[in-house]
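# Okay, sequence plus prediction incoming.
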Amino acid sequence: MSDAISNNEPHIVKVKNFRIDADYACWFSEIKHRYLSAQIKAAVKVNLEKLRFNWSVGRDLVVRKAEERWGAGVVEQLSFDLQEAFPNDKGFGTTNLWAMKKWYLFFSSIQTIEKLHQLGGELHHEVNQSLIRQFHHDGEIDFPQALGLVPWRHQVNIITKCKSDDEAIFYLKKCISDGWSRSTLDNALKANLYRTQGNAISNFSERLPEAQSRLAQEITKENYDFGFITVPVDYKEEHLEAALEKNITRFLLELGTGFAFVGRQIQLVVGGRTRKIDMLFYHIRLKSYIVVELKVVPFDPEFAGKLNYYVNAVDELIKGEDDNPTIGLLICSDKDETDVRWSFKGINTPMGVSSYDNVRIASVSELLPSAEELQARVRLVEEEINKSKNQ
């Protein structure tokens, strides 16, 4: 029988002249951590270099005016030659080479390079601390390393779907800061998140410090898609709340990154009287409680006063010393900007107003109890009857 041990099988090796202790275990743990860190950095470096190569090919196609110089079929020929030279490597298809040219053209203007530099400064990421703003001596724009933090296929989707550099940079930032997968990015692009997120009508700029105001505005949407919930045809606020709580994971995804659910119908006792908040959240990055009030009717000016009261109550009764000011968010079926703006006058608490749509109305069959539910109810009635007879 062979003494060889498969690499896939766990085994114990006894080493002579060795004594394990806490110091060794600590040292070994540090080495493992350093190795894992090195693996991550190597993966980032490989991705960065591949993207830098794609940028250089796109730049060559533009700067060298390849189609004018060698003919309209130059990209097809280059694709064939690269695949023949590197048969084991992927990414040299004609479509991909055209994408490299489009990518370079999309991001290579001086104004866009400056915006990418600003993005790197905002993110404070160790990989992009040396964002390149200068130009080569021959006038060619060097690769902006902020792009090196987002996978290639993500970026192809972005430049294909986005109409401006501001929109593209918005999605790049989300991919970097929130770690979006390609499917998450695709969903955000389909939902046109750039147009809806950050567009809630608010008084954040007047009531919050600049940095906090910018983030608060960024995390709120003009309109929330409630297509993931089902409510009765004549639904009321409690139906809407219950449906959102039942689908809280999906609701948190719709709200965006950083929201943590605290609870529904949170009780506040003021002056011996109990009042209840529809839904209460905490935002990790803002370090603020978010009071969410839901209305199944269009915005009415009186709603602002009620939300203002709840925000102040949370500040007084729940907010900790290390928390930032509480923020109010009213989500109603519709809104008029003038109504909202005038309602904010004289209110000192930060708040925003958004709308919602796409709720699904339940059919009659969905509202009726199922056969299993009816059987369970019958059993409960029978048990109650038997208990009363035995007493």
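Thanks, I have it. This is a predicted model, so every value here is computed, not measured. Residues are numbered from 1 along each chain as shown.

# Go through stretch 57-77 and flag the buried ones.
By 16 or more other CB atoms under 10 Å, the buried positions in stretch 57-77 come out as 57-62, 66, 74-75. Any C-beta I mention is one placed from the backbone N, CA and C, and that applies to glycine too.

# Stretch 85-98 - what's its average pLDDT?
Averaging pLDDT along stretch 85-98 yields 91.

# starting at the chain centroid, how far to it?
Here stretch 85-98 is found 32 Å from its chain centre; the criterion is CA atoms, centre = their mean, to the nearest Å.

# List the buried residues for it?
For stretch 85-98, by 16+ other CB under 10 Å, it's 91-92, 96-97.

# ok, now stretch 346-361?
So, applying 16+ other CB under 10 Å, buried residues of stretch 346-361: 347, 349-356, 359.

# Ignoring the adjacent residues along the chain, who's closest to Arg285?
Gly258 (4.7 Å; CB to CB, 6 or more residues apart in numbering).

# so what's that neighbour up against?
219, 283-286 (CB atoms under 8 Å, 6 or more residues apart in numbering).

# make it 7 Å
Residues near Gly258 by CB atoms under 7 Å, 6 or more residues apart in numbering: 219, 283-285.

# Please, where are all the helices along the stretch 151-300 of the chain?
For the stretch 151-300 of the chain, the helices defined by DSSP state H, counting those that start in this stretch occupy 152-161, 165-178, 182-190, 193-196, 204-207, 210-218, 237-246, 248-255.

# Could you export the third one as CSV, CA atoms only?
Okay, so that is helix 182-190. Provided in CSV are the C-alpha atoms of helix 182-190 (Å, rounded to 0.1, in the frame of the first residue of the first chain):
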residue,chain,number,x,y,z
ARG,A,182,-22.9,42.1,-12.5
SER,A,183,-26.5,41.0,-11.9
THR,A,184,-27.0,43.8,-9.3
LEU,A,185,-25.6,46.3,-11.7
ASP,A,186,-27.9,45.1,-14.5
ASN,A,187,-30.9,45.4,-12.3
ALA,A,188,-29.9,49.0,-11.3
LEU,A,189,-29.4,49.9,-14.9
LYS,A,190,-32.8,48.5,-15.9
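
# tilt between that helix and helix 248-255?
Calculated by axes from the mean of the first three to the mean of the last three CA atoms, to 10 degrees, helix 182-190 forms an angle of 60 degrees with helix 248-255.

# Kindly report the same for the longest one.
Calculated by the same axes, to 10 degrees, helix 165-178 forms an angle of 140 degrees with helix 248-255.

# Spatially central residue for this protein, please.
Central residue of the chain (CA atoms, centre = their mean): Thr257, 4.6 Å from the mean position.

# Can you get me a residue count around the residue lying closest to that residue once chain neighbours are set aside?
Spatial nearest neighbour of Thr257, excluding adjacent residues (CB to CB, 6+ apart): Asp178 at 4.7 Å. Residues lying near Asp178 (other CB atoms under 10 Å) number 13.

# Wait, Asp178 touches Leu253, no?
No - here Asp178 lies out of contact with Leu253, judged by CB atoms under 7 Å, at a distance of 11.3 Å.

# about what we covered before: okay but the residue nearest to the centre of the chain is in contact with Trp180, surely?
No - look at Thr257 against Trp180 with CB under 7 Å: they stay out of range, at 9.2 Å.

# phi, psi of Trp180?
Here is the backbone geometry of Trp180 (degrees, to the nearest 10): phi -70, psi 140.

# For stretch 192-203, give me every contacting residue.
With CB under 7 Å, 6+ apart as the criterion, stretch 192-203 contacts 167, 170-171, 217-218, 220-223, 335, 337, 340-341, 344, 347, 350-354.

# can you list the weak-confidence ranges in the stretch 1-150 of the chain?
Confidence mapping of the stretch 1-150 of the chain against pLDDT under 70 gives the ranges 1-16, 18, 40-41, 43-44, 121-141.

# all helices for it, in order.
Under DSSP H, counting those that start in this stretch, the stretch 1-150 of the chain gives helices at 22-63, 66-70, 74-85, 94-107, 110-123.

# TSV for the ones you listed, including distance to Glu321?
Shown next, in TSV, are those (distance: least, CB to CB, whole Å):
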stretch	distance to Glu321
helix 22-63	34
helix 66-70	63
helix 74-85	61
helix 94-107	44
helix 110-123	28
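
# Pick the most buried one from the ones you listed.
Mean neighbours per residue, mean count of other CB atoms under 10 Å, is largest over the helices of the stretch 1-150 of the chain for helix 94-107, with a mean of 18.

# Show me what that one is packed up against.
Where contact means 3 or more CB pairs under 7 Å, 6 or more residues apart in numbering; DSSP states H and E, helix 94-107 is packed against helix 22-63, helix 74-85, helix 152-161.
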